[in-house]
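Novice: Need the 3D shape of this:
(one chain, ligands or ions: 2)
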Amino acid sequence: MDKEKLLEASIAARNKAYVPYSKFPVGAALLTVDGEIILGCNIENASFGLTNCAERTAIFKAVSEGKKNFAAIAVSGDTEGPISPCGACRQVLAEFCDANMPVFLTNLKGNVTETTVSELLPGAFTTEDLDYAAKQ
Ligand SMILES: O=c1ccn([C@H]2C[C@H](O)[C@@H](CO)O2)c(=O)[nH]1
Ligand SMILES: [Zn+2]
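Specialist: Ligands and ions are numbered 1, 2, ... in the order given. Model prediction:
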């Protein structure tokens, strides 16, 4: 997997961000198991709570096109250290990605952290929890 290419794609994805309120563009680049890169950016709203983060935009775009098997994601923002995905995005990543899927977090200075979905959200609530209740 070309980690540098994915990181660069996430930085390019920031250019499409719709961020009139925060002025804080974030980009995501989601790699499918077939080698396709799906981009996402944050999309804000005058009703602030309706904002969709870059990571969820990328995942929802992919899933809406029938692509649900992912190999990695890169996320970038202009932060002091590597960007930190919000809790909502961590939960959505846990829904669609393997626990050990690589997550590359970066900033514009080239600081990179490589982590995984389960490191970002240990003990995530998952579909297995629902299956357990359904069997009782
Ligand atoms: O990992 C992150 C962190 C923040 N944001 C967005 C949400 C909002 O538009 C702006 C400021 O929080 O950054 C993302 O898209 N992804
Ligand atoms: Zn988020």
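Novice: In contact with Ala71, which residues are there?
Specialist: 1, 31-33, 101-102 (Cβ atoms under 8 Å, 6 or more residues apart in numbering). All C-beta atoms are positioned from the backbone trio N, CA, C, and that covers glycine.
Novice: and Gly40, what are its bridge partners?
Specialist: Gly40 forms beta bridges with Ala28, as assigned by DSSP bridges.
Novice: Of the contacts of Ala71 - the most surrounded one?
Specialist: Among those, the one with the most neighbours (other Cβ atoms under 10 Å) is Leu31, at 25 neighbours.
Novice: helix or strand for it, which one?
Specialist: strand 26-32 (DSSP states H and E).
Novice: Buried residues in that strand, which are they?
Specialist: By 16 or more other Cβ atoms under 10 Å, the buried positions in strand 26-32 come out as 26-32.
Novice: Give me the contact list for that strand.
Specialist: Counting by Cβ under 8 Å, 6+ apart, residues outside strand 26-32 touching it are 1, 6-7, 9-17, 37-42, 53-55, 57-59, 62, 67, 69-77, 83.
Novice: Can you tell me the closest non-neighbouring residue to the residue nearest the centre of the chain?
Specialist: Centroid-nearest residue in the chain, with Cα atoms, centre = their mean: Glu55, separated by 2.8 Å. Computed as Cβ to Cβ, 6 or more residues apart in numbering, the closest residue to Glu55 that is not its neighbour in sequence is Cys89, at 4.0 Å.
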